[in-house]
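Undergrad: With the sequence up front, the predicted model follows.
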Amino acid sequence: MQKIIPNLWFNKNAEEAGEFYASVFPKTTTSVEARYPETDLLDFLKDFAGLPLVVGVEIDDYRFTLINAGDQFRPNPSISFMLNFDPRVLGGDAASAREALDNAWAKLSEGGRALMPLQEYPFSPHYGWVEDRYGVSWQLMLVDSGALSAAGEARPFIVPSLLFGREAQNRSREAIDFYVSLFPDARIGNIAEYPAQSGPAPAGAIMYADFQLAGQRFVAMDNGADQEFGFDCGVSLEVDCADQAEIDRYWDAMSAVPEAEQCGWLADKFGVRWQIVPANMGELMARPDGYEHMMQMKKLVIADF
């Protein structure tokens, strides 16, 4: 089961976005999983009465949650999603994997913008980085059929990628060590360093590293060029917890910005936003006044629902 679920922030169009992603990726489903209450909303939320609150999207069994909210945040490239078009995973040959990549690139580019053009690079024969119409960033990579991960396994299709810049400049190694110390089934894989000064990234900074948390693969990089964006609520990482003890453990270890604590959300010492929530959040929210109880909390307390 996927323990860590990326949450993406949308400006009243999460349901539309879910349908868009279902049109881009094969083996994708989308559904409205919760709605705002019809009554008793806070004043700043009254326009959302009855609208979708969260939309679930599953792309080839990888789960995202789309948050239907306002214009306070928008996803940015500090957390992007690598799409590995690996013939071994897709069940075809290199030509069909390349065709699937090109089709996804064309659709994601509609109304979006290329951050790195789709072309050959030293690390991939066919790669591009695109920001779609909603601000979500995707790195599309054709994987050489002989390229293996550190564990000798084919790469998953979707891998979240964290880019450490601005307030967390060149701290990806520290962050990886911290995250691996917290989660079960966690390990560090390949690490490639910058060989020399590259913009703000000094020699020895992380050019690319992969690691696993709760059995899920992630990528981290230090930023080798100036950037204006940083981690925020546009993309957060939800951790589904079995009980209150697990919620307390992650919360106590990770929360580093008291003013950012709200409704189970926290910011860690690197600025990454996390949501530490009970695995049965849907059932708790369906209880009488469950939404109102949640809005009064910082750390979520199951008994208070």
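TA: Noted; the coordinates are in hand. Numbering: from 1, shown residues only.
Undergrad: what number of residues lie near Ser198?
TA: 15 (other Cβ atoms under 10 Å). Glycine gets a C-beta too; all of them are placed from N, C-alpha and C.
Undergrad: which residue packs closest to it, ignoring adjacent ones?
TA: Nearest residue to Ser198, sequence neighbours excluded (Cβ to Cβ, 6 or more residues apart in numbering): Gly224, at 4.1 Å.
Undergrad: and the one you found, what is it in contact with?
TA: Each residue near Gly224 by Cβ atoms under 8 Å, 6 or more residues apart in numbering is listed here: 194, 198-201, 205, 207.
Undergrad: Those: which two are farthest apart?
TA: Pro200 and Met207 (12.9 Å; Cβ to Cβ).
Undergrad: can you pull the buried residues of the helix or strand where Val55 lies?
TA: Val55 belongs to strand 52-59 when assigned by DSSP states H and E. For strand 52-59, the neighbour count (16 or more other Cβ atoms under 10 Å) marks 52-59 as buried.
Undergrad: Tabulate those (a markdown table), appending pLDDT and distance to Phe231.
TA: A markdown table is the format used below for the buried residues of strand 52-59 (pLDDT from 0 to 100; distance: Cβ to Cβ, whole Å):
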| residue | pLDDT | distance to Phe231 |
| --- | --- | --- |
| Pro52 | 92 | 25 |
| Leu53 | 92 | 23 |
| Val54 | 94 | 21 |
| Val55 | 97 | 22 |
| Gly56 | 97 | 23 |
| Val57 | 98 | 21 |
| Glu58 | 98 | 25 |
| Ile59 | 97 | 23 |
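Undergrad: Quick one: the residues you listed as JSON lines, columns for distance to Leu284 too.
TA: Shown next, in JSON lines, are these (distance: Cβ to Cβ, whole Å):
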{"residue": "Pro52", "distance to Leu284": "18"}
{"residue": "Leu53", "distance to Leu284": "14"}
{"residue": "Val54", "distance to Leu284": "13"}
{"residue": "Val55", "distance to Leu284": "19"}
{"residue": "Gly56", "distance to Leu284": "17"}
{"residue": "Val57", "distance to Leu284": "22"}
{"residue": "Glu58", "distance to Leu284": "22"}
{"residue": "Ile59", "distance to Leu284": "26"}
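Undergrad: ok, so of these, who is nearest Pro288?
TA: For these, the nearest to Pro288 is Leu53 (16.6 Å; Cβ to Cβ).
Undergrad: Which stretches in the stretch 51-200 of the chain count as helices?
TA: 87-90, 94-109, 172-182 (DSSP state H, counting those that start in this stretch).
Undergrad: Tell me the bridge partners for Val55.
TA: Counting by DSSP bridges, Val55 forms beta bridges with Val32, Leu66.
Undergrad: cool, Val277 as well?
TA: Using DSSP bridges, the bridge partners assigned to Val277 are Asp240.
Undergrad: How much space separates it from Val180?
TA: 21 Å (Cβ to Cβ, to the nearest Å).
Undergrad: One more: Cys241?
TA: Cys241 is 18 Å from Val180, by Cβ to Cβ.
Undergrad: The two: which has the busier surroundings?
TA: Between Cys241 and Val180, counted using other Cβ under 10 Å, the more crowded position is Cys241 (23 against 15).
Undergrad: tell me the contacts of the more buried one?
TA: Counted by Cβ under 8 Å, 6+ apart, Cys241 has contacts 247, 250, 276-279.
Undergrad: Please apply the same query to Asp248.
TA: Counting by Cβ under 8 Å, 6+ apart, Asp248 touches Lys299.
Undergrad: how far is the one helix or strand it maps to from where the chain is centred?
TA: Using DSSP H and E, Asp248 maps to helix 244-254. Centroid separation for helix 244-254 versus its chain: 20 Å, with Cα atoms, centre = their mean, to the nearest Å.
Undergrad: who touches the helix or strand of the chain with the lowest mean pLDDT?
TA: Every helix and strand in the chain was compared by mean pLDDT, DSSP states H and E; the lowest is helix 87-90, with a mean of 79. The contact list for helix 87-90, computed with Cβ under 8 Å, 6+ apart, reads 93-94, 96-97, 100, 143, 145, 154-157.
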